[in-house]
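1. Got a sequence here, can you build the structure:
(2 chains)
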Amino acid sequence: MSWLESLTLNSPSGFWNPIIWLAFLIVFAVIGYIIYSRGNRSYKPNTDQVKPYLSGNEVEDVEEIRVRAGDIYWGFIEALKGYYNVLMRMHTGDIRDYILWYLGLGAIILFILVGGV
Amino acid sequence: MIEHLPALMIAVPLFGAFVAPLLKKKGSAPAVWAMIITGVTLGMALLLVRQVLIQGMMVYVFGADNPHLVLPSGYRVPIRIIFEVDAIGAFMALSAALMSFIGAMYSYSHVRNETGLEKYYALLLLLEVGILGMVLTGDLFNLFVFLEIAGIAGSALVGFRNYRGEASEAGIKYLIVSAVASLMVLFSIGLLYGEYGNLNIAYLSTQIGFNTVDIIALGILFTSFAMKCGSVPTHHWVPDAYTEVPSGINPTLLVATYASLYALFRVSFSLFGKVSSGMSSVGWIMCVLGVLTMFIGVTMALVQKDVKRLMSYHAISQTGYMLLGVGVGLAVLNDPAKLAAFGRDAMAGGIFHIINHIIYKSLLLMTAGALFYVTGTRNLNEMGGLARKMPYTTVAFIVGAAAISGIPPFNGFASKFLIYETSYQLSPIFAIFAMVTSVLTLASFVKVFASAFLGPPVKKYENVKEVPRSMVVAMLILAALCLLFGLFPNVVLDKLVYPAVDALLKLSNYQTWGGIL
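-> Alright, predicted model coming up:
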């Protein structure tokens, strides 16, 4: 068995070799670097060239217009509002509810096991 | 000395815990002391793993030379506390020792400005004692005792920052949940003791008949350990506890949670393994709970704005993968063909995921702790542009986020790959849920990365800089482990994981104390 084969993870219906993946990753990184190195050389950092342009209007403080964590996936969460309403009702933060869930789960498991479902 | 390793694994951190308060007025001495003790324990854990892998199960009898001792009447049952260390126990012990050491190293700077550090380190060492006892013992009552030690030490650490109301509340909640779970464990142990007159797991497993009382005991043990390991729908305590506990304790608290998962596996495979046909439905319950846990955990994570709370919900979600992997193995335990075809690999995926998750989730929670350390907030809405200020933390976060999302070549991928493939063979719907969960995991970590590390710099963090060196080193060690375990999964699987899986599957070996009887 070669060293490469010895690092191959065989699963019931496939295989995975991280070293081959890594080799591909390096090849793609080199290709990416070649493309990057042939890019536009007129870019000058720390000059007016890199400032945002908003049709001649003054640009607001970037800190104020940044995307906050609460805004990310807003649409996704809004679309699943019904699902999230159920989840939020489940997470009350009340310790008495924690114990009720424990009792409920225990009752279901015992029903399945003793009942032989 | 080697033959006393199982006892020393408990004795050394216990000694360390009792000495730590004596160093109260010596500056950073308690922190250094904790690092020394956890370092020594880690060395012993490595020796223990080596010994178990070379020579097989280690049996340690307290107060006698061997486990053959019988009662004066000649009644041949084990009558002493016996530690039985097989490959899965050694695997868990190594995880506990490694994470306690990393946690102590991280804590050196992270909690330096807090008061009561001698108590902090004493409790950290006691938590380690509790975990190690749980995973090394072969005695049910002993398991309960160590479960209590871990629960009490853990809840005190969750409430360590008692000047924060939320921490005190989380500590009390953790204490109540732990107490309810462990008292119900004690009740089940009482049922089994009443029936069979013994507490030794190996001995009991030879006697178990799967009558109604046994099934009730199994059901209560299952539910209690499921709650302690954070399985849905009894997971609510996890976000509270993981969010409020200092980040240096997060790694050890994670292992404490998975010690309960280990106990669940031990009960399912070793204590009740003899009745494998009856355990099939337990395996299916484990799979269904696993899928619910991973999906509900990740969808709750997606809406969080508190960085540690978000990561805590991910901890719940990842527990689902472990339950699913091992549940698949349990569901086909009575079918040798399916067990050989995919059941054993499924269990390997589940158990490999334990150590992978302990590594990358500790890393992620530590990066969250680093963010809190420099910004003083856990609210992602208030963060931004920190990648420029905290380059090491950023790299550590990227590695951890890639690993938890199952992106190759990091360690999370290898174990998830095994779980996807094998759970598909039991039921394709399980594999679909597992893959969707991974996609949502990546999505929520993109949210953290975009809001905390990328974007324009926030003025109030203009002067912040990278966290102290001990925190950086602890994070980078774990990041390196994520990469190493991902690049060489076969080495970890062959040396640690498959022996652990076989230890669970080879019941006869466990019942005969590794061939001693």
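2. for B:Gly63, what are its contacts?
-> With contacts defined as Cβ atoms under 8 Å, 6 or more residues apart in numbering or on different chains, B:Gly63 is in contact with B:80-81. C-beta: built from backbone N, CA, C; applies to glycine.
3. what's the spacing between it and B:Ala7?
-> 11 Å (Cβ to Cβ, to the nearest Å).
4. How many neighbouring residues does the closest residue to chain B within chain A have?
-> In chain A, the residue that lies nearest chain B is A:Ala69 (3.4 Å; Cβ to the nearest Cβ). A:Ala69 has 22 neighbouring residues, counting by other Cβ atoms under 10 Å in any protein chain shown.
5. Let me see the contact set for it.
-> By Cβ under 8 Å, 6+ apart, the residues touching A:Ala69 are B:305, B:380-381, B:383, B:447-448, B:450-452.
6. Point out where chain A drops to low pLDDT.
-> Residues of chain A that meet the criterion pLDDT under 70 lie in A:1, A:62, A:116-117.
7. and what of chain B?
-> For chain B, the stretches with pLDDT under 70 are B:69-71, B:74-76, B:516-517.
8. how is it carved up into domains?
-> As given by the TED database, the domain ranges for chain B are B:1-275, B:277-516.
9. hmm, back to that, report the buried members of the contacts of A:Ala69.
-> B:305, B:380, B:383, B:447-448, B:450-452 (16 or more other Cβ atoms under 10 Å in any protein chain shown).
10. which two in these are spaced the farthest apart?
-> Taking Cβ to Cβ, the two most distant members of the buried ones among the contacts of A:Ala69 are B:Lys305 and B:Ala450; they sit 13.1 Å apart.
11. Which residues lie in contact with the residue in the stretch 51-200 of chain B that chain A sits nearest to in this structure?
-> Relative to chain A, the nearest point of the stretch 51-200 of chain B is B:Lys173 (5.1 Å; Cβ to the nearest Cβ). Going by Cβ under 8 Å, 6+ apart, B:Lys173 touches A:95, A:98, B:237, B:240-241.
12. let's see it at 7 Å
-> By Cβ atoms under 7 Å, 6 or more residues apart in numbering or on different chains, B:Lys173 lies in contact with A:95, B:237, B:240.
13. is it true that it lies in a helix?
-> Yes. Counting by DSSP: H, G, I helix; E, B strand; the rest coil, B:Lys173 is located in a helix.
14. roughly how far apart are it and B:Gly159?
-> Separation of B:Lys173 from B:Gly159 (Cβ to Cβ) stands at 9 Å.
15. same thing with B:Ser182?
-> 18 Å.
16. How about the residue in chain B that sits furthest from its center?
-> B:Ser73 (41.8 Å; Cα atoms, centre = their mean).
17. Would you mind measuring from that residue to A:Ile77?
-> 68 Å.
18. interface residues of the stretch 151-300 of chain B facing chain A?
-> Neighbours of chain A within the stretch 151-300 of chain B, by Cβ under 7 Å from any Cβ of the partner chain: B:173, B:176-177, B:180, B:212, B:215-216, B:218-220, B:222-223, B:226-227, B:233-234, B:236-237, B:281, B:285, B:296, B:299-300.
19. Which ones among those lie within helices?
-> Residues from these lying in helices, with DSSP state H as the criterion: B:173, B:176-177, B:180, B:212, B:215-216, B:218-220, B:222-223, B:226-227, B:237, B:281, B:285, B:296, B:299-300.
20. Drop anything exposed from the residues you listed.
-> The neighbour count (16+ other Cβ under 10 Å) marks B:173, B:176-177, B:180, B:215-216, B:218-220, B:222-223, B:226-227, B:237, B:281, B:285, B:296, B:299-300 as buried among those.
21. Would you mind listing what in chain A touches chain B?
-> Counting by Cβ under 7 Å from any Cβ, chain A comes close to chain B at A:6-7, A:9, A:11-14, A:16, A:18-19, A:21-22, A:62-63, A:66-70, A:72-73, A:77, A:84, A:87, A:91, A:95, A:98-99, A:101-102, A:105-106, A:109-110, A:112-114.
22. Which of those residues are buried, as a ChimeraX select command?
-> Those of the residues of chain A next to chain B that count as buried under 16+ other Cβ under 10 Å are selected in ChimeraX with:
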select /A:7,9,11,12,16,18,66,68,69,70,72,73,84,95,98,99,101,102,105,106,109,110,112,113
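23. Skipping its backbone neighbours, what lies nearest B:Leu98 in space?
-> B:Leu42 (5.9 Å; Cβ to Cβ, 6 or more residues apart in numbering or on different chains).
24. One more: B:Phe417?
-> That would be A:Trp16: by Cβ to Cβ, 6+ apart, it lies 5.4 Å from B:Phe417.
25. Do a quick rundown of the helices in chain A.
-> Under DSSP H, chain A gives helices at A:3-6, A:18-37, A:62-65, A:74-79, A:81-90, A:95-115.
26. wait, which of those is closest to B:Gln51?
-> Using Cβ to Cβ, the helices of chain A put helix A:3-6 closest to B:Gln51, at 24.9 Å.
27. which helices and strands does the closest one pack with?
-> Helix A:3-6 sits against no helix or strand, with contacts defined as 3 or more Cβ pairs under 7 Å, 6 or more residues apart in numbering or on different chains; DSSP states H and E.
28. could you dump it to CSV, C-alpha only?
-> Output of helix A:3-6 as CSV, limited to C-alpha atoms (Å, rounded to 0.1, in the frame of the first residue of the first chain):
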residue,chain,number,x,y,z
TRP,A,3,1.6,6.3,1.4
LEU,A,4,-1.1,8.0,-0.6
GLU,A,5,-3.4,5.0,-0.3
SER,A,6,-2.7,4.7,3.4
